[in-house]
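*Asks:* Structure for this input, please:
(one chain, ligands or ions: 2)
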Amino acid sequence: MAELSTALRIAHAAPAFGIDGTRQFCQRIARLAVRSLYAELALYPKPGLVSLVDNGSHQDMTAATFVRSLFALRRYFLLITQAGMADAPFHELKRLGIDAEARMLRATNGINTHRGAIFCLGLLCAAIGRCRADGVVLTPSAIQAALLRYWGRELGAHSGDAATPSHGTAALLRYAASGAREEGARGFPSVFAVGLPALRRTLAAGRCARRARIDALFALMAHVSDTNVYHRGGPAGALAVRRSARAFVARGGTAAPDWEARAVACHRSFVAARLSPGGAADLLGAVCLVQSACAELDLT
Ligand SMILES: CC(C)(COP(=O)(O)OP(=O)(O)OC[C@H]1O[C@@H](n2cnc3c(N)ncnc32)[C@H](O)[C@@H]1O)[C@@H](O)C(=O)NCCC(=O)NCCS
Ligand SMILES: Nc1ncnc2c1ncn2[C@@H]1O[C@H](COP(=O)(O)OP(=O)(O)OP(=O)(O)O)[C@@H](O)[C@H]1O
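*Replies:* Ligands and ions are numbered 1, 2, ... in the order given. Coordinates of the predicted model:
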């Protein structure tokens, strides 16, 4: 019933495309979201993070846990793109996010693999759906503007709601580490002003997608206030992550001839310290989504 009313709202919101065209569009965005998260998982070397090569600093999850979680999230990305297209109010997006978290936890036996990604990529899918309904050419700034225009006020209130106990809210209260909620409230500036430009600089210099993702990840690690890092390593861990990432970037990132050895050394040192920049990893997934959606989709 809820799905029928969403379908009718979509037909009303994007009449030029018809129900079939809009469903195809939303399916395509959902596929890009899953692919982007898989690209993040498959990337190596990623300091302290789970990849297809090893589990990094994590004992309770493997790449297989992430893949199971990704399968469980396919429908969520479709539904939230459709909801965005239909100009759904924030509480509807939130309900979809909460349901998706529950599905993720069922698929992983209670392990948190994609909480940040459900939030960040979900909202970006909704904003991309909104751009489509408005007939706006899909660019990074159009996506960010749609997110803030349609759901910015509620996102601001969401960031102020530290009542739900979580590692993120504990890091906020203890260390004033801002984390995912603040990122969302500001329209994910780390995605649009840090990760995406780093990815594009490397691609423009003629280097491959793998290197571009590594450069984007290190740029994000150097910049974000990552509550995963605060939770595991406190302020000293957060400083260590930022310093290592800045040193990698300062030597030219993947333009340096020894970049891979440096990234592997960084990975080993993070594993020894049990550090894991999960927030930066989530944001890298978001960067990949924005890049692929803007590059592959023609809204005309
Ligand atoms: C806002 C969320 C991410 C909760 O964040 P909170 O900081 O309270 O919790 P928690 O520590 O459990 O999760 C943080 C997640 O964000 C990621 N993260 C950490 N730091 C950052 C950062 N700086 N930027 C982006 N993501 C980050 C982590 O990898 C982790 O997955 C979200 O899970 C949430 O609100 N869930 C309830 C459902 C909902 O309201 N959804 C909103 C619409 S989709
Ligand atoms: N490749 C990845 N490897 C590890 N974490 C990742 C990866 N990609 C994204 N993440 C993010 O990192 C978070 C997992 O971190 P972590 O296990 O430290 O969190 P936690 O479950 O909140 O805490 P803990 O396991 O320490 O009790 C996930 O929510 C996910 O959003």
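*Asks:* quick one: contacts for the residue in the stretch 151-300 of the chain positioned nearest to ligand 1?
*Replies:* Nearest residue of the stretch 151-300 of the chain to ligand 1, counting by Cβ to the nearest ligand atom: Gly168, 1.7 Å away. C-beta coordinates here come from the backbone N, C-alpha and C atoms, glycine included. By Cβ atoms under 8 Å, 6 or more residues apart in numbering, Gly168 lies in contact with Gly179, Ala180, Arg181, Thr227, His231.
*Asks:* how about a cut-off of 7 Å?
*Replies:* Gly179, Ala180, Arg181, Thr227 (Cβ atoms under 7 Å, 6 or more residues apart in numbering).
*Asks:* again with Ala117
*Replies:* Leu37, Asp282, Gly285.
*Asks:* Quick check: which element contains the last one?
*Replies:* Pointing back at Gly285 there. In the assignment (DSSP states H and E), Gly285 maps to helix 278-296.
*Asks:* For that helix, give me every contacting residue.
*Replies:* With contacts defined as Cβ under 7 Å, 6+ apart, helix 278-296 is touched by 29, 32-33, 36-37, 39-40, 46, 49, 116-117, 120-121, 124, 128, 138-140, 143, 179-180, 188, 190-191, 195-196, 199, 213, 216-217, 220-221, 224, 226-228.
*Asks:* That one near ligand 2 anywhere?
*Replies:* Yes. Residues of helix 278-296 contacting ligand 2 under Cβ under 6 Å from any ligand atom: Gly278, Ala281, Asp282.
*Asks:* Repeat that for stretch 218-229.
*Replies:* Yes. Judged by Cβ under 6 Å from any ligand atom, stretch 218-229 and ligand 2 are in contact via Asn228.
*Asks:* quick one: that stretch to chain centroid distance?
*Replies:* With Cα atoms, centre = their mean, to the nearest Å as the basis, stretch 218-229 stands 13 Å off its chain's centre.
*Asks:* so how far does that stretch reach from one end to the other?
*Replies:* Using Cα to Cα, to the nearest Å, the end-to-end distance of stretch 218-229 comes to 14 Å.
*Asks:* Just give me the neighbour total for Val249.
*Replies:* Residues within reach of Val249, counting by other Cβ atoms under 10 Å, total 16.
*Asks:* How about Leu203?
*Replies:* 18.
*Asks:* And for Leu173?
*Replies:* 11.
*Asks:* continuing past the helix or strand encompassing it, what's the next helix or strand?
*Replies:* For Leu173, the host element (DSSP H and E) is helix 167-175. Next in sequence after helix 167-175, counting helices and strands by DSSP H and E, comes helix 179-185.
*Asks:* can you list contacts of that next one?
*Replies:* For helix 179-185, the external contacting residues (Cβ under 7 Å, 6+ apart) are 116, 119-120, 123, 155-156, 158-159, 168, 171-172, 190, 225, 227, 279.
*Asks:* mind listing the helices in the stretch 51-200 of the chain by residue range?
*Replies:* 63-85, 90-107, 115-134, 140-160, 167-175, 179-185, 189, 196-204 (DSSP state H, counting those that start in this stretch).
*Asks:* Next, the angle helix 115-134 makes with the fifth one.
*Replies:* Here the directions of helix 167-175 and helix 115-134 differ by 110 degrees (axes from the mean of the first three to the mean of the last three Cα atoms, to 10 degrees).
*Asks:* Against Asp134, how distant is the residue lying closest to Thr62 once chain neighbours are set aside?
*Replies:* Spatial nearest neighbour of Thr62, chain neighbours left out: Asn55 (5.5 Å); criterion: Cβ to Cβ, 6 or more residues apart in numbering. Using Cβ to Cβ, to the nearest Å, Asn55 is found at 42 Å from Asp134.
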